[in-house]
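# Starting from these lines, generate the structure:
(one chain, ligands or ions: 2)
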Amino acid sequence: MSTVLPRAAAPVPFGRSLRDGVRRLAEAAVTPLELGDVLDVFHPLRKGADLRGRIVSVTAETADAATLVIKPGKDWAGHVPGQYVRIGIDVDGVRLWRTYSLTHGPRADRCISITVKGIPDGVVSNHLVRKVRPGQMIQLGQAAGDFVLADPMPAKLLMVTAGSGITPVIGMLRGLFARSERITADIVVLHSALSRAEVIFGDELRQYAAEGRLRLVELHTDTHGMLDVDDLDTIVPDLAERVTYACGPVGLLDALEAHHEPKGLPLHIERFRAPMVANANDGQSGGTLSFTKSGTVVEADGATPILDAAESAGVLMPSGCRMGVCFGCVLPLREGAVRDLRNGQLTIAAPGDGVIIQTCISAAAGPCHIDN
Ligand SMILES: Cc1cc2nc3c(=O)[nH]c(=O)nc-3n(C[C@H](O)[C@H](O)[C@H](O)COP(=O)(O)OP(=O)(O)OC[C@H]3O[C@@H](n4cnc5c(N)ncnc54)[C@H](O)[C@@H]3O)c2cc1C
Ligand code: FES
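Numbering: from 1, shown residues only. Ligands and ions are numbered 1, 2, ... in the order given. As a prediction, this is how the structure comes out:
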C-alpha cells in the first residue's frame, strides 16, 4: 500500500509534516475508527483529548469519606485553592456528573485530589467512596468557583465548616502552609462534625493547631449539639475583625448569613446544594419530559430537578455546579411548564418557543418538550 502525502502550499517544518504523515497513515490503517478514538484507548490523558483523569488512589478518611487522588489529562489548567472540579463517572451504565472541591496543596506529581463523603442514598458519592478503584478513568471539567482567599490575604480569618464542608478549606490551608513565605494571618477554624472520629482531616487540623498555625475549635455535635451562631461572638471574641469563609449544610450557611449580614460582617460562602423551597412532600405534580433529540421520554415528579430525572433515565445532559450558579445546564424548553425549585416560580413555553431553562433547579410542572 502506498500513501501520497498532500503537496503543501507553504513549507512545513520537517517534524510537523512527518508527524502529520504518520498520523494520516495511522488513520488509514485503523479506518473506520478515527485516530483520535485509537489514541483515546492508549493515551486518554494526552493533550487535545477530552479532559479526563485516572484514579491513582482511594484512601479512607473516615467511615464514610474517602480521598481520591487523580492524575488529570495534560490539558488540566490548574486551580486556585478553594475551587471545585466537575467529575463525570459511569454508575450502572449512566454517566453522572457531580461537583467536588479540590483538596490538594501543591504536588510534584501534578495530581489533584477530591474528598468525598457518602450521603444517605447518594448515588455518586457512595460509588466514589466505596466502589471506584485505582486505574479507573473519569471525565473532568476545569476547576471553577470563586470561593477563594482574597489577595492580599485578610489579616484575620474565620473558617466555619461542618462535615464535608471542610474540603475547600483544607485546600486553602494546604495551599497557604506550603508557601515559602511565613503566613502571618491569624486563622481560626471552627469545625463541626458528629464526633471526633467523624472529623475529616482531623489529625491534620489538630497538627496545624499544635504547630500554632491556626486556632482550631472542634464541635462534636453528638456531645455539644449543633453550632448556635449566636454563640459565635463568645467562641471568637474578635469576630468583627475577621473575614469569614464558610462551607457546610444549608441550615448553617443560612444562619450565618442571617447573623453576619445585618452586622455588615464580611462573609464568603460555598454551598454544596442550592436552597430549594420545593420538596417531594409538597405534592406539586410533575410531568412527562420529552427530549426531542434523543427521543427519550421520562416521567418526573414536581420536586426532582429535570437534570437529575433525565440523567437517571440515561439522557446525556450538560451540567455544571448543579445548584443554579454556573448556567452550564441550560437547555431550550420548546413547550411546557417548569417550576424553579428555589422559589416556586413558573416558567411557561408556548409551542415553538425556545425559553432557556436551568435544568438543575427546574422541575417539570406539566408535560415538557426539551431540546436535547
Ligand atoms: C461547589 C460544590 C462543591 C462540592 N464539594 C464537595 C466535596 O468536596 N465533597 C463532597 O462530599 N461533596 C461535595 N459536593 C456535593 C456533591 O457535588 C454531591 O452533591 C454529593 O456528593 C451528593 O451526590 P450523590 O450523587 O451522592 O447524591 P444524589 O444521588 O444526587 O442525591 C441523593 C439524595 O441526597 C440529596 N443530596 C444531594 N446532594 C446533597 C448534599 N450535598 N448534601 C445533602 N444532601 C444532598 C438529594 O436531594 C437526594 O435526596 C459539592 C457540591 C458543590 C455544588
Ligand atoms: S449546573 Fe450550574 S446552573 Fe445548572
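
# From here on, just use CA atoms for contacts and neighbour counts.
Noted.

# Tell me who's in contact with Gly212.
With C-alpha atoms under 8 Å, 6 or more residues apart in numbering as the criterion, no residue contacts Gly212.

# Got the phi and psi for Ile166?
When read as degrees, to the nearest 10, the backbone of Ile166 gives phi -70, psi -20.

# can you count the residues close to it?
27 (other C-alpha atoms under 10 Å).

# before we move on, what about Ala349?
Counted with other C-alpha under 10 Å, residues neighbouring Ala349 total 18.

# same question, the one 5 residues further on
When counting by other C-alpha under 10 Å, one arrives at 16 neighbours for Gly354.

# Pull the contacting residues for it.
332-335.

# Look through this structure and state the residue closest to ligand 1.
Gly122 (2.9 Å; C-alpha to the nearest ligand atom).

# For that residue, grab the count of nearby residues.
Residues lying near Gly122 (other C-alpha under 10 Å) number 10.

# Outline the domain layout of this protein.
52-144, 156-270, 287-370 (the TED database).

# Pull the contacting residues for the residue nearest the centre of the chain.
Centroid check for the chain by C-alpha atoms, centre = their mean gives Thr99 as the closest residue, at 1.7 Å. Contact analysis of Thr99 by C-alpha under 8 Å, 6+ apart lists 84-87, 320-322.

# ok, and which of those reach ligand 2?
Contacts with ligand 2 within the contacts of Thr99, as defined by C-alpha under 6 Å from any ligand atom: 320-322.

# related to what we said a few turns ago, so which of the contacts of Gly354 is the most crowded?
That'd be Leu333 among the contacts of Gly354, by other C-alpha under 10 Å, with 27 neighbours.

# so where do the helices sit in the stretch 151-300 of the chain?
With DSSP state H, counting those that start in this stretch as the criterion, the stretch 151-300 of the chain has helices at 166-177, 202-210, 221-224, 232-235, 250-260.

# Also the stretch 1-150 of the chain?
14-29, 35-42, 123-130.

# hmm, stretch 102-116 in reach of ligand 1?
Yes. Applying C-alpha under 6 Å from any ligand atom, one finds stretch 102-116 in contact with ligand 1 at 115-116.

# hey, C-alpha coordinates of that stretch in PDB?
Taking C-alpha atoms only, stretch 102-116 is exported to PDB below (Å, rounded to 0.1, in the frame of the first residue of the first chain):
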ATOM      1  CA  LEU A 102     -10.200  20.300  45.300                       C
ATOM      2  CA  THR A 103      -8.400  19.300  48.500                       C
ATOM      3  CA  HIS A 104      -4.800  19.100  47.500                       C
ATOM      4  CA  GLY A 105      -1.900  21.500  48.000                       C
ATOM      5  CA  PRO A 106       1.000  21.800  45.600                       C
ATOM      6  CA  ARG A 107       2.000  18.300  44.400                       C
ATOM      7  CA  ALA A 108       5.200  17.400  42.500                       C
ATOM      8  CA  ASP A 109       3.300  14.700  40.600                       C
ATOM      9  CA  ARG A 110       0.700  17.200  39.200                       C
ATOM     10  CA  CYS A 111      -2.100  15.000  40.600                       C
ATOM     11  CA  ILE A 112      -5.200  16.500  42.000                       C
ATOM     12  CA  SER A 113      -7.400  15.300  44.800                       C
ATOM     13  CA  ILE A 114     -11.000  15.400  46.000                       C
ATOM     14  CA  THR A 115     -12.500  14.200  49.200                       C
ATOM     15  CA  VAL A 116     -16.000  12.700  49.100                       C
END
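
# buried ones in it?
By 16 or more other C-alpha atoms under 10 Å, the buried positions in stretch 102-116 come out as 102-105, 111-116.

# can you list the residues of the stretch 51-200 of the chain near ligand 1?
Residues of the stretch 51-200 of the chain found near ligand 1 (C-alpha under 6 Å from any ligand atom) are 84, 98-101, 115-117, 119, 121-126, 164, 167.

# Wait, Gly105 touches Val169, no?
No. Counting by C-alpha atoms under 8 Å, Val169 is not a contact partner of Gly105; they are 11.0 Å apart.

# Who are the contact partners of the closest residue to Ile87 other than its chain neighbours?
Leaving aside its chain neighbours, Ile87 sits nearest to Leu140 (4.6 Å; criterion: C-alpha to C-alpha, 6 or more residues apart in numbering). Residues counted as contacts of Leu140 (C-alpha under 8 Å, 6+ apart) are 51-53, 72, 85-88.

# can we see that at 6 Å?
51-52, 86-87 (C-alpha atoms under 6 Å, 6 or more residues apart in numbering).

# so which of those is the most crowded?
Neighbour max across the contacts of Leu140 (other C-alpha under 10 Å) = Arg52, 24 neighbours.

# so what's Gly105 scoring on pLDDT?
If you check Gly105, the pLDDT there is 91.

# ugh, wrong one, I meant Ala274
Value for Ala274, per-residue pLDDT: 75.

# mind checking the end-to-end distance for stretch 73-80?
18 Å (C-alpha to C-alpha, to the nearest Å).

# Can you list the neighbours in contact with stretch 182-199?
Residues from elsewhere that reach stretch 182-199, judged by C-alpha under 6 Å, 6+ apart: 62, 155-163, 214-222.

# just checking, which of these belong to strands?
Using DSSP state E, the subset of those located in strands is 62, 156-162, 215-220.

# picking up where we left off before, comparing the helices of the stretch 151-300 of the chain, which gets the lowest mean pLDDT score?
Looking across the helices of the stretch 151-300 of the chain, the weakest by mean pLDDT turns out to be helix 221-224, at a mean of 88.
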